[in-house]
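Enquirer: just coords:
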Ligand SMILES: O=C(O)c1cc(C(=O)O)oc(=O)c1
């Protein structure tokens, strides 16, 4: 028994995912996933907004192998706050097959940043989703960005589409590569060529340093169908949005499972079927290789790319 009690209604990750029908290209990277604890070994942060189930590094690596991926990028989950130990432990255990994205505070020392770098961390995450984190002043974030820029790291940003106008000036002054989580969470019930998503495309078009993860259809979809029971055409309403980004910015897109899928309320997807979503948004072998191999390798393993 864990000392932690899960948030009421918490959905655990899907056990026994199917084998994807879509075979990912050799060397593919799952560029957005997390580990949770285990809480008894790596306690969740006191300031967390949710308490998840455990999702260990061994379980993550088993999923990687099952789905046919070669590597992972493990993103610090907000339930661990700025205590990066679980993520760092997973990166170290992966034997070079994982990189990390950390959460740090202004008080982080240069020595600590160097240790994170040695463990495989190549970026920091700034989170603006109000249900997940407390507000951090922008001057603190900008100071952190300036420091990590010197290490060659990038900034990952997570925000809701409605907040992009207000955050625009801050985002466009960041001195690093900037990677947007989950396409900036578009409202996919709005038109793909409407003003809200057009602003996001403009953000990428006018700023060559901005990349996007075309991930999380299971989070963004309104009408489904869900990636369950062998469904090969899951989350159809998200396809036009993700495909648009992949086709317009083929060299600045990443894909990830988002396993273990924190805070899903409706259903937990079969991760094998999530992989089968990829050819719908990246329809050619060339786009698939850029999305799954070339782009993440350039960003996270430039010495091997
Ligand atoms: O939408 C979310 O709830 C969510 C949460 C986290 C996190 O807690 O770190 O990460 C994600 O990529 C997505």
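Expert: Received, thanks. Predicted model, so just to flag it, every value in this text is computed and none were measured.
Enquirer: make it CA atoms for all contacts and neighbour counts henceforth
Expert: OK.
Enquirer: residues from this structure in reach of the ligand?
Expert: Within reach of the ligand by C-alpha under 6 Å from any ligand atom, the chain has these residues: 77-79, 262-263.
Enquirer: Try it again at 8 Å.
Expert: For the chain, the residues in contact with the ligand (C-alpha under 8 Å from any ligand atom) are 32-34, 50, 75-79, 129, 131-132, 158, 181-182, 219, 258, 261-264.
Enquirer: I'd like the list of the residues you listed that fall within strands, please.
Expert: Of the residues of the chain next to the ligand, the ones assigned to strands by DSSP state E are 32-33, 75, 158.
Enquirer: which one of those residues has the most neighbours?
Expert: Comparing these by number of neighbours (other C-alpha atoms under 10 Å), residue 75 comes first, having 25 neighbours.
Enquirer: my guess is it meets residue 36, correct?
Expert: No: between residue 75 and residue 36 there is no contact under C-alpha atoms under 8 Å: 10.6 Å.
Enquirer: Would you mind pulling up the elements that whichever strand or helix holds residue 146 packs against?
Expert: Assessed by DSSP states H and E, residue 146 sits inside helix 138-149. Packing partners of helix 138-149 (3 or more C-alpha pairs under 8 Å, 6 or more residues apart in numbering; DSSP states H and E): strand 121-127, strand 154-158.
Enquirer: Give me the contact list for the last one.
Expert: Put plainly, it is strand 154-158. Residues from elsewhere that reach strand 154-158 (C-alpha atoms under 8 Å, 6 or more residues apart in numbering): 101, 122-129, 145, 148, 176-182, 184.
Enquirer: quick one: buried residues of the one helix or strand residue 58 maps to?
Expert: Using DSSP H and E, residue 58 maps to helix 57-67. In terms of neighbour count (16 or more other C-alpha atoms under 10 Å), helix 57-67 has its buried residues at 57, 60-61, 63-64, 66-67.
Enquirer: Pick out the residue of the stretch 51-200 of the chain closest to the ligand.
Expert: Taking C-alpha to the nearest ligand atom, the ligand has its nearest neighbour within the stretch 51-200 of the chain at residue 77, 3.2 Å off.
Enquirer: That residue: neighbour count?
Expert: By other C-alpha under 10 Å, 25 other residues sit near residue 77.
Enquirer: ditto for residue 166
Expert: 9.
Enquirer: out of the residues of the chain next to the ligand, which are buried?
Expert: Buried positions within the residues of the chain next to the ligand, assessed by neighbour count (16+ other C-alpha under 10 Å), are 32-34, 50, 75-79, 132, 158, 181-182, 219, 258, 261-264.
Enquirer: what's near enough to touch the residue lying closest to residue 96 once chain neighbours are set aside?
Expert: Spatial nearest neighbour of residue 96, excluding adjacent residues (C-alpha to C-alpha, 6 or more residues apart in numbering): residue 120 at 7.7 Å. Each residue near residue 120 by C-alpha under 8 Å, 6+ apart is listed here: 88, 91-92, 96, 98-100.
Enquirer: No further questions, thank you.
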